[in-house]
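Chemist: Can you look at this prediction? I've put the sequence above it.
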Amino acid sequence: MRIVASGLATAGLVMAALAVGAPAAWAAVQDGEAGEAAAPAEPAPVHVLVRAERLIVRPGEVRENTSVLITDGRIVAIGPELAAPEGATVVEGPVVCAGFIDPWSALGMEEASRVDRGFSAATRAADGWNPYADEHLREEALRAGVTTIHLQGGSTAQLGGLGALVRIDPSLGEDALVLSDACLSATVGLSADGGFWGGVRAVDPFDRMQQIDRIFQNIATGQAYAESWAKYEKEIVEWEKAIAEKEAELEKDFKKAKKDREKDIEKAEEKDKEFKEKRYKEDRKPRRPKVDADKAVLARVASGEIPLVVEAHRASEIRGLLDALEAYKRVRLVIAGGTEALNQAERLAERGVTVIVWPALRGPSGNDEYEGHDLALAGELAEQGVRVLIGSGGREPAATRDLPLLAAGCVGNGLDRDAAFSALTIDAARALDVADRLGSVELGKDGELIVLTGEPLASATRVQYVISAGRVVVTPED
C-alpha cells in the first residue's frame with residue numbers, strides 16, 4: 001500500500017516564459033498600449049486516483065483490480081486501468097469502499113444545543129454545530145473510517161428541530177455541511193424528560209401517549225398548513241386568469257363602451273340628472289396564508305418530503321407511534337433507540353420503518369427504558385425484515401469513533417456482516433435522503449472513500465487511508 005504524489009515543478013518554465021515575453025510587454029507599457037490586466041487563472045483541479053485490489057461498490061457488488069478517479073470532490077471515473085491525471089494524488093490498497101456514516105451522533109454539537117428543551121420544528125441543528133470543536137475526536141473517528149455524521153439538537157425536547165448531516169474532517173470548517181434539513185426529530189418517554197444521563201423520574205405512561213398525540217397533532221397542523229397554501233395557490237391562479245380575461249374583454253369592447261358612455265351622458269343631461277359612472281367590480285383577491293416556519297417543516301414531514309426521527313424505546317411507545325402513523329400514510333418514520341422494538345418487528349417491517357440501534361453496553365444503573373437492551377437486537381430485527389441502522393447514540397461526542405466497533409459487536413451477536421456494512425453506508429444514506437451523494441462508490445457521487453487492509457468490520461481489518469470531500473485526510477502515517 002502506498003500513496004504517491006505526482007506533478008511537475010513549473011517555476012523554471014514560468015520564469016522562462018516571462019523572460020521571453022518581457023521585452024514586448026514592456027514596450028507596450030512604454031507606448032501606452034498595454035491592455036487590461038489578465039483575468040486570474042482558474043484553480044487547478046484536485047485529482048485523487050484510488051487503486052483497489054477489491055472495490056466494494058455497494059453491499060453485494062464487488063469489482064476486482066479497479067480504480068476510482070475523484071476530481072474536485074466528485075467521482076468522475078471508475079475502471080480497471082485509469083491513468084493518473086497530472087498532479088494527481090495516487091492511493092493504493094487491498095479493499096476500498098464508501099466511508100462510514102453515523103446516523104445518530106453528537107460529535108461537534110454544542111452541549112447547550114444538544115439538550116435544549118426549547119427547540120421547535122424549524123430550529124436547525126446546524127446552528128448549534130461547531131465545525132471546529134472536538135478536533136482530536138474528529139481525527140480519531142476519521143481514522144476509524146467514519147467520514148459523515150448526522151447531528152440532532154434538542155435531544156430532550158419533544159420536537160428537536162431539523163437534523164444536520166456533516167462531514168467530520170476538521171479542516172473543512174463550515175464547508176463540511178452536507179445537508180441542513182436531513183429530518184425532523186422528536187422524543188417520546190424518558191428521553192423527553194431529561195435524557196439518559198439525567199437520572200430523572202420516569203414519565204407516566206399516560207404522559208407518553210399524550211406526547212405521541214401531540215407529535216402527530218403537530219403533523220396534522222402542518223398538513224392543514226400545506227393544504228391552505230395549495231388552496232391559495234390554486235385560487236390565486238384562477239383569480240389572475242379571471243382578471244386577465246376581464247381586462248382582455250374590456251380592451252376588446254373599449255370603443256363600444258366609450259360610445260355607450262357618451263350616450264348615457266347625453267341622456268342624463270337631457271333629463272337634467274347626474275350621470276353616475278358604472279364601476280367595474282373586481283373579484284376579491286384570495287387571502288394569502290400567514291407564513292409559519294414551524295408549520296412549513298411539519299408540512300414537509302406530513303408529505304414525506306423529509307423523515308421523522310423519533311427517539312423511543314418502550315414497546316408501548318413504539319406501538320403508539322405505529323398506531324398514530326396509520327392516519328399518515330406518507331410520513332416516513334425512523335425510530336432511534338428502539339430498545340423494545342422487537343415486540344413490534346412485524347409491524348415495523350410492514351410499514352417500512354427504519355430503526356437506528358445503539359448497541360452500547362449499559363450497566364444496571366441505567367434508566368428503566370434501557371432495561372431490555374440487548375446486543376442481539378440489530379440482528380433479530382433484521383431477521384424480521386426491519387431495516388436497521390447503527391448509531392453511536394447521540395449522547396457522547398467521543399462515541400462516533402467507536403461506530404465500527406459497535407457494528408462489529410452487532411455482527412458478533414447475530415447481525416449479518418453485509419447487513420452491518422450496509423447499515424453504515426448505503427442504508428444510512430437512504431434513510432437521510434443522501435443516497436444520490438453518499439453510501440456507495442458510483443459515478444457522480446461525493447469522494448468519500450476509505451482504504452482498508454481487509455474486509456469491512458472484520459476484527460483484523462485496519463483503516464489505511466480516508467478520502468473525504470475528495471482529499472486524502474488520513475494516511476498510514478497518521
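Modeler: That came through, no problem. Here the structure is a predicted model, which means the values were calculated and not measured. Numbers count the residues shown, from 1 in each chain.

Chemist: Can you give the domain ranges for the protein?
Modeler: For the chain, the structural domains run 1-9+42-98+439-478, 100-224+292-438, going by automatic domain parsing.

Chemist: now, of those domains, which is deepest in the fold?
Modeler: Ranked by mean neighbour count, the domains of the chain are led by domain 100-224+292-438 with a mean of 21 (mean count of other Cβ atoms under 10 Å). From N, CA and C alone the C-beta is placed, and that goes for glycine too.

Chemist: Could you look up the next helix or strand downstream of the helix or strand bottoming out on mean pLDDT in the chain?
Modeler: Every helix and strand of the chain was ranked by mean pLDDT, DSSP states H and E. The lowest is helix 11-30, at a mean of 37. From helix 11-30 onward toward the C-terminus, using DSSP states H and E, the following helix or strand is strand 47-58.

Chemist: can you list the weak-confidence ranges in the stretch 151-300 of the chain?
Modeler: 190-206, 250-283 (pLDDT under 70).

Chemist: If we use 50, what do you get?
Modeler: 191-202 (pLDDT under 50).

Chemist: just the helices in it please.
Modeler: Secondary structure of the stretch 151-300 of the chain (DSSP state H, counting those that start in this stretch): helices at 205-252, 254-270, 293-302.

Chemist: Tabulate those helices (TSV), appending distance to residue 113.
Modeler: Shown next, in TSV, are the helices of the stretch 151-300 of the chain (distance: least, Cβ to Cβ, whole Å):
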stretch	distance to residue 113
helix 205-252	21
helix 254-270	63
helix 293-302	17
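
Chemist: Relative to residue 56, tell me which of those helices wins on proximity.
Modeler: helix 293-302 (33.5 Å; Cβ to Cβ).

Chemist: From the contact counts, what lies against the helix or strand just after that closest one?
Modeler: Counting by DSSP H and E, the next helix or strand C-terminal to helix 293-302 is strand 308-312. Judged by 3 or more Cβ pairs under 8 Å, 6 or more residues apart in numbering; DSSP states H and E, the packing partners of strand 308-312 are strand 184-187, helix 315-325, strand 333-337.

Chemist: run the last query once more with 6 Å
Modeler: Strand 308-312 is packed against strand 184-187, strand 333-337, with contacts defined by 3 or more Cβ pairs under 6 Å, 6 or more residues apart in numbering; DSSP states H and E.

Chemist: Given the last one, what are its sheet partners and their directions?
Modeler: Next to strand 333-337 in the sheet, as set by DSSP bridges, lie strand 308-312 (parallel), strand 354-357 (parallel).

Chemist: How far off centre is the shortest one?
Modeler: Computed by Cα atoms, centre = their mean, to the nearest Å, the separation of strand 354-357 from the middle of its chain amounts to 17 Å.

Chemist: What lies in contact with that strand?
Modeler: Under the criterion Cβ atoms under 6 Å, 6 or more residues apart in numbering, residues 103-104, 334-336, 338, 341, 377-378, 381, 386-391, 431 lie in contact with strand 354-357.

Chemist: now with 7 Å?
Modeler: Residues external to strand 354-357 that are found in contact with it (Cβ atoms under 7 Å, 6 or more residues apart in numbering): 103-104, 334-336, 338, 341, 348, 377-378, 381, 386-391, 431.

Chemist: Would you mind identifying the next helix or strand past it?
Modeler: helix 377-383.

Chemist: So what touches that following helix?
Modeler: Contacts for helix 377-383 (Cβ under 7 Å, 6+ apart): 341-342, 345, 355, 357, 359, 388, 390, 410, 413-416, 419.

Chemist: Not counting its neighbours along the chain, what's nearest residue 330?
Modeler: residue 304 (3.8 Å; Cβ to Cβ, 6 or more residues apart in numbering).

Chemist: who touches the one you found in this structure?
Modeler: Here residue 304 is in contact with 330-332 (Cβ under 7 Å, 6+ apart).

Chemist: Please apply the same query to residue 139.
Modeler: Contacts of residue 139 (Cβ under 7 Å, 6+ apart): residue 170.

Chemist: Same check on the one 5 residues further on?
Modeler: With contacts taken as Cβ under 7 Å, 6+ apart, residue 144 has the following neighbours: 401, 403-404, 463.

Chemist: cool, and residue 330?
Modeler: For residue 330, the contact set (Cβ under 7 Å, 6+ apart) comprises 302-304.

Chemist: List phi and psi for it.
Modeler: Dihedral angles of residue 330 (phi, psi; degrees, to the nearest 10) stand at phi -90, psi -10.

Chemist: Would you mind measuring from it to residue 431?
Modeler: 16 Å (Cβ to Cβ, to the nearest Å).
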